[in-house]
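Asker: Pasting the sequence and the predicted model now:
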Amino acid sequence: MRWSAMLIRGPSMAPTLRSGDQVLVRGGCRVRPGDVVVARFRSCPEMVVVKRAVREQDGGWYVSSDNTYAAGGSAVHGTADVLGRVVFRYWPRPPQAL
């Protein structure tokens, strides 16, 4: 089990995650449809992205953005290999209830 911190850049996962959010990622864990994951597209392995896992496909995952106006998921780049699952956002901290 590996843990990593990651800074979100760009609007592709809004409103779930926004540019500037920091998240904790757990590598080597089970992924289920609906999980937010860190992945690498087989068609462009230099690009690491944060997307939502939709379904298993061709030994990897079909992933998509939460933001319907953002491109760049599996519909464009094909199957992705998941590197880890986003466990939680730790910055900025959500507002506390009074």
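Answerer: Now that the structure is in, tell me what you want to look at.

Asker: drop to CA atoms for contacts and neighbour counts, all remaining ones
Answerer: OK.

Asker: ok, residue 43 - contacts?
Answerer: By CA atoms under 8 Å, 6 or more residues apart in numbering, the residues touching residue 43 are 77-79.

Asker: now it: how far from residue 74?
Answerer: 10 Å (CA to CA, to the nearest Å).

Asker: With residue 82 instead?
Answerer: From residue 82 to residue 74 the distance is 12 Å (CA to CA).

Asker: Check residue 84 too.
Answerer: From residue 84 to residue 74 the distance is 17 Å (CA to CA).

Asker: quick one: which of the two has more around it?
Answerer: A direct count of neighbours by other CA atoms under 10 Å for residue 84 and residue 74 places residue 84 higher, at 24 against 20.

Asker: State the phi and psi torsions of residue 82.
Answerer: Main-chain dihedrals, residue 82, degrees, to the nearest 10: phi -80, psi 130.

Asker: from the contacts of residue 43, which is closest to residue 24?
Answerer: Nearest to residue 24 among these is residue 79, at 23.4 Å by CA to CA.

Asker: hang on, the closest one packs against residue 62?
Answerer: Yes. Counting by CA atoms under 8 Å, residue 62 is a contact partner of residue 79 at 5.4 Å.
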